[in-house]
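# model the following, please.
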Amino acid sequence: MFDGLNPEAADCQGAFEPLEESVILKEARRAIDTEIAGLKEVRDHLDEGFVQAVSLVLETRGRVVVTGIGKSGLIGRKIAATLASTGTPAIFLHPVEAMHGDLGMVTRQDVVIGISNSGETQELTALLPAFVQRGIPVIAMTGNPDSTLGRVGRVVINTCVSREACSLGLAPTTSTTATLAVGDALAVVLLKARRFSEKDFLKNHPAGTLGERLKVQVREVMLTGQRVPLARLGASMDQVISEMDAKRLGAVLILDGEETLAGIVTDGDLRRALLRMENVKDRPVEQIMTVHPKSVAPVTMAADALAVMEKYLITVLPVVEPSNGHLVGIVHLHDLLGKGQFKFVA
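Below you'll find the predicted structure:
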């Protein structure tokens, strides 16, 4: 039974009854299930309006100005921040402050995203005529396409959900989650359309943790020595599987007699071999390995290594010295994105 609240605080916080643990978890799960259902709804609402919104943003020569108030304003701030960090210049405009001078930040080159679940929020609707008079296109992000905001919008993104997660049906919960998800979807589509890369992301996050990881060279994060999963040409797959299990990187690098990389066996190679061959463990590694695997040099930037992994849908890269082809290490996706503490290798 949960009774951690101070009874003396009940007067200022409202009366309460202790809840059984099962009731607490049931209500929490109900709220999350409601929000999941809302996300599915808003996903199904996506239509030509979303496509037109993407085109409108891509065509604008200015910035995306996101505006909304209350909970919608808080979601709007997050959407503006995500857009800005992923290649779409964006700012947040508070509707009330806009009516007192901040409207001067908006130019005819901009496009506005107005956020209101009801589409009738007074502070926002009072601002809409100023955009119309200036000929600034408005993308209406609303749960009520027939509202004032929806009618003013050049395009409408429908964020309607059936119900809020709040048991009273009053607090914006599912609706704000759905709106945030649509904003993230917009940013992700724009990112793809602009061919925004890890390097571009790094430029916008010079002080961030991910930025710090991506601006080092591979040699600073690669695994070396005994941590590299290795086998030699001629080894049996039984030996290779044992090495793969011991090093837990999902791959084993295969060397020839001159310490040159000859191939790689990944867990994917192993699965495919088990499907098409018998007695896989008794076979020589040459029958299973992938020859000429993708690799990078020690001086490759981590951001570039990550781009290679993304392009070829792989999670490990051998690190090879270009001058002689010798293997010097291996880098895993986790070493680039930071699973646990970020480690530098001497």
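# if I look at Cys166, how far off is Gly38?
Cys166 is 12 Å from Gly38, where distance means C-beta to C-beta, to the nearest Å. From N, CA and C alone the C-beta is placed, and that goes for glycine too.
# neighbour count for those two, which is higher?
Neighbours per residue, other C-beta atoms under 10 Å: of Cys166 and Gly38, the larger number sits with Gly38, 25 against 14.
# which residues are in contact with the more buried one?
Applying C-beta atoms under 8 Å, 6 or more residues apart in numbering, we find Gly38 in contact with 161-163, 165, 174-175, 177-178.
# and it, which helix or strand is it part of?
Secondary structure from DSSP states H and E places Gly38 in helix 21-45.
# list the buried residues in that helix.
Across helix 21-45, burial judged by 16 or more other C-beta atoms under 10 Å covers 31, 34-35, 38-39, 41-42, 45.
# any idea how the protein splits into domains?
19-195, 214-337 (automatic domain parsing).
# not counting residues beside it along the chain, what's closest to Asn158?
His45 (4.2 Å; C-beta to C-beta, 6 or more residues apart in numbering).
# in terms of pLDDT, where does that neighbour sit?
On pLDDT, His45 comes in at 92.
# and it, what does it touch?
By C-beta under 8 Å, 6+ apart, His45 lies in contact with 158-160.
# pipe these into a markdown table and attach distance to Val228 per row.
Below are the contacts of His45 laid out as a markdown table (distance: C-beta to C-beta, whole Å):
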| residue | distance to Val228 |
| --- | --- |
| Asn158 | 52 |
| Thr159 | 49 |
| Cys160 | 53 |
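# now list the buried members of those residues.
Taking 16+ other C-beta under 10 Å as the criterion, what is buried in those is 158-159.
# now, the contacts of His45 that are in strands?
Secondary structure from DSSP state E places Asn158 of the contacts of His45 in strands.
# from the contacts of His45, which single one is nearest Ala303?
The shortest gap between Ala303 and any of the contacts of His45 belongs to Thr159, at 34.2 Å (C-beta to C-beta).
# surely the closest one touches Leu180?
No - Thr159 is not in contact with Leu180 according to C-beta atoms under 8 Å; the separation is 9.5 Å.
# mind telling me which of the domains of the chain the model trusts least?
domain 214-337 (a mean of 89).
# mind listing the helices for the stretch 201-346 of the chain?
Assigned by DSSP state H, counting those that start in this stretch, the helices in the stretch 201-346 of the chain fall at 209-214, 237-247, 267-276, 302-312, 333-337.
# got the contact list for the closest residue to Ile241 other than its chain neighbours?
Of all residues not flanking Ile241 in the chain, Lys281 sits nearest, at 6.6 Å (C-beta to C-beta, 6+ apart). Lys281 makes contact with 236-238, 241, according to C-beta under 8 Å, 6+ apart.
# state the distance from Lys281 to Met301.
As for Lys281, its distance to Met301 is 39 Å (criterion: C-beta to C-beta).
# go on, Val280?
Per C-beta to C-beta, Val280 is found 37 Å from Met301.
# Thr173 now?
Taking C-beta to C-beta, one finds Thr173 at 42 Å from Met301.
# and Ala15, what pLDDT?
Confidence score, pLDDT, at Ala15: 67.
# quick revisit: okay, the contacts of Gly38 in JSON lines with secondary structure next?
Shown next, in JSON lines, are the contacts of Gly38 (DSSP: H, G, I helix; E, B strand; the rest coil):
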{"residue": "Val161", "secondary structure": "coil"}
{"residue": "Ser162", "secondary structure": "coil"}
{"residue": "Arg163", "secondary structure": "coil"}
{"residue": "Ala165", "secondary structure": "coil"}
{"residue": "Thr174", "secondary structure": "helix"}
{"residue": "Ser175", "secondary structure": "helix"}
{"residue": "Thr177", "secondary structure": "helix"}
{"residue": "Ala178", "secondary structure": "helix"}
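# nearest to Leu274, out of the residues you listed: which one, please.
Once C-beta to C-beta is applied, the member of the contacts of Gly38 that ends up nearest Leu274 is Thr177, at 42.0 Å.
# contacts only, for the closest one.
With C-beta under 8 Å, 6+ apart, Thr177 has these contacts: 35, 38-39, 165.
# ok, those residues vs Val216, which is closest?
Nearest to Val216 among the contacts of Thr177, with distances taken as C-beta to C-beta, is Leu39, at 36.4 Å.
# how many neighbours does the closest residue to the closest one other than its chain neighbours have?
Ranked by C-beta to C-beta, 6+ apart and with sequence neighbours excluded, the top spatial neighbour of Leu39 is Ala181, at 5.6 Å. Per other C-beta under 10 Å, the neighbour tally for Ala181 reads 17.
# can I assume Ala181 sits in a helix?
Yes - applying three-state DSSP, one finds Ala181 inside a helix.
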